[in-house]
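[1] sequence-free structure coming up:
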């Protein structure tokens with residue numbers, strides 16, 4: 001394993017192939033711009049003194065709802081263009097763009113349209129009626145797929161989508177997300193699954209941008225970073 005540019009490079013000995021797993025953000029300039037927008041439109045809310053409770057029961061000083069980005073053309077366009085540029089540069093062999101249901105669907109469709117690629121989307125589970133599809137749209141065996149996700153926390157839902165694509169006989173060559181909390185658990189899961197991924201922005205970048213914009217105090221910044229270092233043991 002070696003590191004080149006933003007990617008950690010793994011050699012798959014069985015297939016004699018190189019696969020790339022990106023640790024967090026791909027480009028610092030993009031990361032700061034996206035973080036600025038997420039804070040500006042309040043897609044991200046920071047409450048270090050009044051934490052949220054996630055569905056998992058985890059206490060968190062941050063709540064992220066990237067669906068809000070769709071309501072702001074300037075923000076939506078920034079995200080779309082960033083995905084397009086990275087996919088064109090790093091995943092040029094892509095045949096199909098796939099959205100991870102539900103929040104990744106609209107962003108994936110926008111990206112596919114610019115790249116003039118077929119688009120599919122992947123449900124979290126098969127539809128309970130009709131054809132009971134897990135994957136909607138046309139996907140052929142052997143096609144190379146880049147998945148689009150809105151948010152990576154532990155990586156579980158993203159990797160389930162990647163697994164569904166692989167089970168359909170296609171190849172996942174990359175997964176892109178708007179934002180990641182940067183949990184080590186997610187990084188380990190993507191590495192174990194040999195699923196290449198990148199994100200437009202991440203938690204440390206967002207907190208530094210919030211501090212620079214005087215949205216949080218230095219005391220708050222310390223609290224927020226303590227959560228980042230140990231989310232399960234925080235508070």
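    Here it is on my side, so go on. If you're wondering where the values come from, they're calculated on a predicted model, not measured in any experiment. Residues are numbered from 1 along each chain as shown.
[2] quick one, what contacts the spatially closest residue to residue 156 that is not a sequence neighbour?
    Among residues not flanking residue 156 along the chain, residue 189 sits closest, at 7.3 Å (C-beta to C-beta, 6 or more residues apart in numbering). In short, each C-beta sits where N, CA and C put it, glycine included. Each residue near residue 189 by C-beta atoms under 8 Å, 6 or more residues apart in numbering is listed here: 154, 155, 156, 159.
[3] From those residues, keep the buried residues only.
    155, 159 (16 or more other C-beta atoms under 10 Å).
[4] Next, format the contacts of residue 189 as a markdown table and append distance to residue 58, pLDDT and secondary structure.
    Converted to a markdown table, the contacts of residue 189 look like this (distance: C-beta to C-beta, whole Å; pLDDT from 0 to 100; DSSP: H, G, I helix; E, B strand; the rest coil):
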| residue | distance to residue 58 | pLDDT | secondary structure |
| --- | --- | --- | --- |
| 154 | 10 | 90 | coil |
| 155 | 15 | 93 | coil |
| 156 | 13 | 93 | helix |
| 159 | 19 | 96 | helix |
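[5] quick one on the thing from earlier: kindly state the pLDDT recorded for the residue nearest to residue 156?
    Residue 189 is assigned 92 on the pLDDT scale.
[6] Residues contacting the helix of greatest length in the chain, please?
    Assignment by DSSP state H gives helix 73-90 as the longest helix of the chain. For helix 73-90, contacts defined as C-beta under 8 Å, 6+ apart pick out 7, 20, 26-27, 30, 33-34, 37, 40-41, 69-70, 94, 97, 107, 110-111, 114-115, 146, 148, 174, 176, 178, 198, 200.
[7] Now find how far off-centre it is within its chain.
    Centroid separation for helix 73-90 versus its chain: 13 Å, with C-alpha atoms, centre = their mean, to the nearest Å.
[8] about what we covered before: could you redo the contacts of residue 189 as a markdown table and give each row distance to residue 142?
    Listed next are the contacts of residue 189 as a markdown table, based on distance: C-beta to C-beta, whole Å:
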| residue | distance to residue 142 |
| --- | --- |
| 154 | 30 |
| 155 | 25 |
| 156 | 26 |
| 159 | 21 |
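[9] from the contacts of residue 189, which single one is nearest residue 60?
    residue 154 (12.6 Å; C-beta to C-beta).
[10] quick one, phi psi at that closest one?
    Here is the backbone geometry of residue 154 (degrees, to the nearest 10): phi -90, psi -10.
[11] and it, what is it in contact with?
    Listed by C-beta under 8 Å, 6+ apart, the contact set of residue 154 reads 183, 185, 186, 189.
[12] So which of those residues wins on neighbours?
    residue 186 (22 neighbours; other C-beta atoms under 10 Å).
[13] Which per-residue confidence value corresponds to the residue positioned nearest the centre of the chain?
    Centroid-nearest residue in the chain, with C-alpha atoms, centre = their mean: residue 177, separated by 2.0 Å. Listed pLDDT for residue 177 reads 97.
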